[in-house]
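Asks: need coordinates for the following:
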Amino acid sequence: MDANGPVFVVRTIVSDIDDFSAVAEQAARLKKYGRVEMTISGLAEKARYEMPEGGNAWHEYASHNPALHKFFPHPEIAPFIPAEYVEKNRRALDARLKILRDLDMGACFWAGEPAFLPEEFFRANPHLRGPRVDHPRRSRHEVFAPCIDHPDNLEMWSWMMAELVKHVPQLGTFSFKTNDAGSGICWADWLYSGPNGPAACRNRSTGERVAGFMQALRDGANRAGGEVQIFMTPQFRPGEIKEIMLLLPEGCHLEGRRRTDDSIASVGCSMLNACYPVKGILDPLPVIRSASKIDLKTNKTVFLNARVFYNRDVELIEVWKHVLDIIEKCIDKPVSGLMNTIERLQALCTEWANADSAEELMETLVELAEALRFQFAAMRPLSTIYLGVSLRHVTRPLVPVPSRLSAKEEEHWLKHVFNIWPDQAREDYLDLHGGRWEPVPIVALGPYLRQLERIAETIERISKDSDDKLLRSMPTSLRLHAAILRSCGNFYQMQLIRDRNGDKLSQITRPSKEGNWTGDNDLQSMNALMRDELDNTQQLIDLVSNGGLELLAHATKSEDEDTFLFGPNLVEQLQAKYAIMRDHWIDIEDYMASPAK
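Replies: Reported below is the predicted structural model:
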């Protein structure tokens, strides 16, 4: 390990110990350049104790989020957190630490702070209550975080930080996100219910408040004999960020906000966040570009980012192997400029495919990079994590009149749709977490999906003569991603048609008996969308049945399926969707006129 090199912080929240070990073994390759730290804060299981009776969509955001009190609760907090749950998290933490000790690696802790606490805690300690941090349109149960202006709370967080460092002496980095998904700071503009908190701290500046909290964390680490760098993801308005930057204590940083010495670098190591829930899509060009910018002399911290939204899953180890290959090569011999970057990609392709196919693979991966950039720029609203998973477009039946579905036909999907109003979850395919999804240039979707299929076909043909495991699975990953996008597009278009036909869909009518060659044009459009979604569902059934399930983020137990995670019985749910759509195929003919030729 180069003591003078940067600290490489592997940012991925891994719960499964085998997955953690596999990623850590790959990351250990970077020890020759500097210190390597793995994020150790994955929870042993979902925080079910946080869930209100009957469930609550908003709580799903934070249910997998690490927090200091879930591992080392202060004695004032401990009575309100299930001891068995804390013990499970500690055992999982210890298992990861053993792996890191064996590999001579450091540790990082990522958390959402200051995290909300149970209401019972604040009833016992009303003077410690801080801001409301949930989203009012996404929650039926309000929750509160502690006020970090109160000295007692600062002391508790300092104490918990000290306990973490005592337990994890190799801890070098502590990162936290705030003002989102279960954490928040008093009077911040970013708070979803609006700036709020105790009147006593209202006039204190955001910069002072944040600096005090970060200093308390540093003090706790120092008290335990640790030298820990503190990083915060800045979920604040620009004016607040400027103020915070001026008051940051020594050893404290805003991640994503480079200082003038370029001390922080970052490499995106996974497409899982962008393509969630699909794993195993490698886009090497941006990795080459960002890895080539790593400067071993000036960079003090290099984040290898692969954390997934809401910490539900982790990228395939095969992706990690390829990404770390790229990082090593680009540190040893950086490249700049388009031509040099393409040449580096071609050299990599000679390792992944046979010599005769390397150039074609390189061209295909360049096309994939361009296609993905187009998708994220032009079709960003077709979000696969939110529409495909949290609104369950993938598994719910696409029907023109959803009110005709029975409770049994809604059973496998409605309870997982992120919505606090069941009628809106049922009736509005575009009601997104309490708002309405934005317009999509849907005309571009068809050509894009065809382009993804061409790319998948080319990689599939090339991979037949290759031993590269990732290359062999990537065509399936691309097809899964395309199929989920296709579902999102079909539901999007169906809802637009339903919106403009609200009056017709409000009551059953009988059509005129006069001859008509086409019937209602919108009925024809609905039929076309239903047929496309039926065919798409069958394709998904085939993909998932033939190894595709392992390329999707999913729970291993049915009881762990939730808003952001498919269940292990995905094939059965897709089959139910297919059958329900067929059972309701002609419902729309009670509301709109079919052809009378």
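Asks: just checking, what packs against the longest helix seen in the chain?
Replies: Across the chain, the longest stretch assigned as helix under DSSP state H is helix 469-500. Packing partners of helix 469-500 (3 or more Cβ pairs under 8 Å, 6 or more residues apart in numbering; DSSP states H and E): helix 317-332, helix 358-378, helix 445-463, helix 521-545. Using the backbone N, CA and C atoms, a C-beta is placed for each residue, glycine as well.
Asks: so for Met105, which of these sits nearest?
Replies: With Cβ to Cβ as the measure, helix 317-332 is the member of the helices and strands packed on helix 469-500 nearest Met105 (13.7 Å).
Asks: what's the spacing between the closest one and its chain's center?
Replies: 22 Å (Cα atoms, centre = their mean, to the nearest Å).
Asks: which other residues reach that helix?
Replies: The contact list for helix 317-332, computed with Cβ atoms under 8 Å, 6 or more residues apart in numbering, reads 19, 22-23, 26-27, 29-30, 33, 267, 269-271, 279-280, 282, 284, 287-288, 291-292, 294, 296, 304, 306, 344, 348, 351-352, 469-470, 473.
Asks: in that helix, what's buried?
Replies: 317-327, 329-331 (16 or more other Cβ atoms under 10 Å).
Asks: repeat that for stretch 443-452.
Replies: Those would be Leu445, Tyr448, Leu449, Gln451, Leu452, for stretch 443-452 by 16+ other Cβ under 10 Å.
Asks: out of those residues, flag the one nearest to Ser525.
Replies: Checking the buried residues of stretch 443-452 one by one against Ser525 (Cβ to Cβ), the nearest turns out to be Leu445, at 15.1 Å.
Asks: unless I'm mixing things up, the closest one is touching Ser487, no?
Replies: No. Contact criterion Cβ atoms under 8 Å: Leu445 and Ser487 do not qualify, at 11.1 Å.
Asks: now the residue of the chain most remote from its centre: closest residue in space, sequence neighbours ignored.
Replies: Most distant residue from the mean C-alpha position of the chain: Glu514, 53.6 Å away (Cα atoms, centre = their mean). Once flanking residues are discounted, Glu514 sits nearest to Ala596: 7.0 Å by Cβ to Cβ, 6 or more residues apart in numbering.
Asks: which residues touch that neighbour?
Replies: Ala596 neighbours (Cβ under 8 Å, 6+ apart): Pro511, Lys513, Glu514, Gly515, Asn516, Gly519.
Asks: the last one: helix or strand, and which one exactly?
Replies: Right, Gly519. In the assignment (DSSP states H and E), Gly519 maps to no helix and no strand.
Asks: what's the burial count for it?
Replies: Neighbour count for Gly519, taken as other Cβ atoms under 10 Å: 17.
Asks: same check, this time on the fourth one
Replies: Taking other Cβ under 10 Å as the criterion, the count of residues near Gly515 is 8.
Asks: phi, psi for it please.
Replies: phi -60, psi 140 (degrees, to the nearest 10).
Asks: right, and it touches Lys597 too?
Replies: Yes. Using Cβ under 8 Å, Gly515 is in contact with Lys597, at 7.0 Å.
Asks: make JSON lines out of the buried residues of helix 317-332 and add pLDDT and distance to Leu534.
Replies: JSON lines is the format used below for those (pLDDT from 0 to 100; distance: Cβ to Cβ, whole Å):
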{"residue": "Ile317", "pLDDT": "97", "distance to Leu534": "35"}
{"residue": "Glu318", "pLDDT": "97", "distance to Leu534": "33"}
{"residue": "Val319", "pLDDT": "98", "distance to Leu534": "32"}
{"residue": "Trp320", "pLDDT": "97", "distance to Leu534": "37"}
{"residue": "Lys321", "pLDDT": "97", "distance to Leu534": "38"}
{"residue": "His322", "pLDDT": "98", "distance to Leu534": "36"}
{"residue": "Val323", "pLDDT": "98", "distance to Leu534": "38"}
{"residue": "Leu324", "pLDDT": "98", "distance to Leu534": "42"}
{"residue": "Asp325", "pLDDT": "97", "distance to Leu534": "42"}
{"residue": "Ile326", "pLDDT": "98", "distance to Leu534": "41"}
{"residue": "Ile327", "pLDDT": "98", "distance to Leu534": "44"}
{"residue": "Lys329", "pLDDT": "97", "distance to Leu534": "46"}
{"residue": "Cys330", "pLDDT": "98", "distance to Leu534": "46"}
{"residue": "Ile331", "pLDDT": "98", "distance to Leu534": "50"}
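Asks: the residue nearest the centre of the chain and Ser406, how far apart?
Replies: In the chain, the C-alpha nearest the mean C-alpha coordinate belongs to Phe309, at 1.7 Å (Cα atoms, centre = their mean). Separation of Phe309 from Ser406 (Cβ to Cβ, to the nearest Å) stands at 32 Å.
Asks: only whichever of the contacts of helix 317-332 are buried, select them in ChimeraX.
Replies: Restricted to buried positions by 16+ other Cβ under 10 Å, the ChimeraX selection for these reads:
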select :19,22,23,26,27,30,33,267,269,270,271,279,280,282,284,287,288,291,292,294,304,306,344,348,352,470,473
